[in-house]
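Take this sequence and fold it.
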Amino acid sequence: MKYQFPENFWWGSAASGPQTEGAADVDGRKPSIWDHWYKIEPGRFFNGVGPQNTSNFYYQYKEDIALMKETGHNSFRTSIQWSRLIPDGIGEVNPKAVEFYNHVIDEMLKQGIEPFMNLYHFDMPLSMQEKGGFESREVIEAYVTFAETCFKLFGDRVKYWFTFNEPIVPVEAGYLYDMHYPNVVDFKRAAQVAFGTTLAHAKAVKTYHDLNLDGQIGIILNLTPSYPRSQNPADLRAAHIADLFFNRSFLDPVTRGEFPNDLVDILRERDFLPNYEPEDLEIIKHNTVDILGVNYYQPRRVKAKETMPHPDAPFMPEHLFDNYEMPFRKMNPYRGWEIYEQAIYDIAINLRDNYGNIPFFISENGMGVEGEERYRNSEGFIEDTYRIEFIESHLKWLHKAISEGANCHGYHLWTFMDCWSWANAYKNRYGFVEVNLDENYKRTVKASGKWFKTMTSQNGF
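Residues are numbered from 1 along each chain as shown. Predicted structure coming up:
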């Protein structure tokens, strides 16, 4: 065995409630911003496929959890939908939702699969967005109440909690780049949402610790290393600025309890500092995470600015650096993302050297491919050898980091089964398990799922 992983390593995958559960308007669930956006702009979604049904986990969770066992999982992350558990965002708890999540958690434990539970995966209840989302103090407090409700209902069995998945994404996609609802292009408001999210996170961490539950709480960050085009000081500075905006804006406050000074200076110079109370900074300072989830898909390559932005254009982070396309880079052509396995090592070593070697796990890594059905073999399952090669090549670099002292406890693929992916809908498939939408959500394990079972049973390859 060339690549042996530590004992009790977490092997599994990740998903989210809104992307897999379906049952969007049954048993008391109320609309999230995704349901609303699809209703008013269905054309913004690939092939016009919206969030109503997704992958039917609400009805097929027992079958799916059995398949997790069959594909070698000992852990699995999903999320509790705020709009299902507390349909109005505040107020009454939905007993049907409590029943469903209890069944899911109990079934996972019965199958020997550790539940990792996330609280927020881009899915703001519409009623809360109407009050201002994370720009609003009222919504921040409502989120903390939602979190506390989850801890009290499920914390006796769920030992690993995560406040947010990729909190930078609703900031950049919803408030800068017009990729997600509410389709705002306003850096000042983006900064306010980022701060509000960080504060909501810290308050939830405090709430969890105050309950003295037997578990750990963290956050899931998509860390995307910023590589400079060259060692020229201007390129190095560009990479540093990109890192501040897209990585350290959340990584530093959740692990160190403070925002990077350089980032604060950039925002102050442009009058973009968010509104806050002095005690907010104290809450953030004293409520850091126990564990960190790291999502990694692609690197960010940058260079110094070559042309200046129009003085009247709305400010964007890219006004301070340019993105750089490295010649002859390895690509996933379907997603348009560079494949650069070494970055997973660089992330781990950065956490080791600059963040107190915080305990972490790879909470997402994966390869989305369009038109996978063309790889179906004579036995009727998809031969996704490209996915196996993708996972192996990343695990080799992760193994190297662990052997050099990085404090990594697990690896979760995105995702367990093909799922609905926001505005991309079902364009690209990521799962160990195929979901056939035309055959009543029929599940079929792909070659990668069979390989994962063999690999995890040996704890390496």
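
Would you mind measuring from the residue of the chain most remote from its centre to E70?
Distance to the chain centre peaks in the chain at S378, reaching 35.2 Å (criterion: Cα atoms, centre = their mean). Look at S378 and E70: by Cβ to Cβ, to the nearest Å, they are 21 Å apart. For the C-beta atoms, the positions are set from N, CA and C on the backbone; glycine is no exception.

For C419, see how far away T78 is.
T78 is 10 Å from C419, by Cβ to Cβ.

Give me the common contacts of these two.
Listed contacts common to T78 and C419 are 15-16, 20; contacts here mean Cβ atoms under 8 Å, 6 or more residues apart in numbering.

any chance of those residues in TSV, plus neighbour count?
Shown next, in TSV, are the shared contacts of T78 and C419 (neighbours: other Cβ atoms under 10 Å):
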residue	neighbour count
A15	27
S16	26
T20	25
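
Per-residue confidence at C150, what does it come out as?
At C150, the pLDDT value in this model is 98.

How about it: what's its closest non-neighbour residue?
Nearest residue to C150 in three dimensions, chain neighbours excluded: I80, at 5.5 Å (Cβ to Cβ, 6 or more residues apart in numbering).

do the same with I391
L413 (6.6 Å).

which ones are touching that neighbour?
If you count contacts by Cβ under 8 Å, 6+ apart, L413 has them with 12-14, 364-366, 391, 430, 432, 452.

Kindly state the beta-bridge partners for it.
S13 (DSSP bridges).

can you tell me how far it sits from I388?
On the measure of Cβ to Cβ, L413 and I388 end up 11 Å apart.

just F100 next, same as before
Distance from F100 to I388, by Cβ to Cβ: 33 Å.

Please identify which of those two sits among more neighbours.
F100 (23 against 20; other Cβ atoms under 10 Å).

Now do the phi/psi pair for that one.
phi -60, psi -50 (degrees, to the nearest 10).

Likewise for E114?
phi -70, psi 120.

hey, where'd the helices end up in the stretch 351-461 of the chain?
Under the criterion DSSP state H, counting those that start in this stretch, the stretch 351-461 of the chain contains helices at 385-403, 447-458.

quick check: angle from the shortest one to helix 385-403?
Put simply, helix 447-458 runs at 30 degrees to helix 385-403, going by axes from the mean of the first three to the mean of the last three Cα atoms, to 10 degrees.

name the helices or strands packed onto helix 447-458?
strand 10-14, helix 57-70, helix 385-403 (3 or more Cβ pairs under 8 Å, 6 or more residues apart in numbering; DSSP states H and E).

Export the second one to CSV, keeping only CA atoms.
Meaning helix 57-70. The C-alpha trace of helix 57-70 is given here as CSV (Å, rounded to 0.1, in the frame of the first residue of the first chain):
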residue,chain,number,x,y,z
PHE,A,57,-33.6,12.3,-1.0
TYR,A,58,-36.6,13.3,1.1
TYR,A,59,-38.3,10.1,0.0
GLN,A,60,-35.3,7.9,-0.8
TYR,A,61,-33.0,8.6,2.1
LYS,A,62,-33.0,5.0,3.4
GLU,A,63,-32.0,3.7,0.0
ASP,A,64,-29.4,6.4,-0.3
ILE,A,65,-27.9,5.8,3.1
ALA,A,66,-27.7,2.1,2.3
LEU,A,67,-25.8,3.1,-0.9
MET,A,68,-23.4,5.2,1.2
LYS,A,69,-22.6,2.1,3.2
GLU,A,70,-22.2,0.1,0.0
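
strand partners of whichever helix or strand comes after it, parallel vs antiparallel please.
Next helix or strand after helix 57-70 toward the C-terminus (DSSP states H and E): strand 75-79. Under the criterion DSSP bridges, strand 75-79 sits next to strand 10-14 (parallel), strand 114-118 (parallel) in its sheet.

So for the host helix or strand of A202, mean pLDDT?
Using DSSP H and E, the element containing A202 is helix 187-210. Across helix 187-210, pLDDT averages out at 98.
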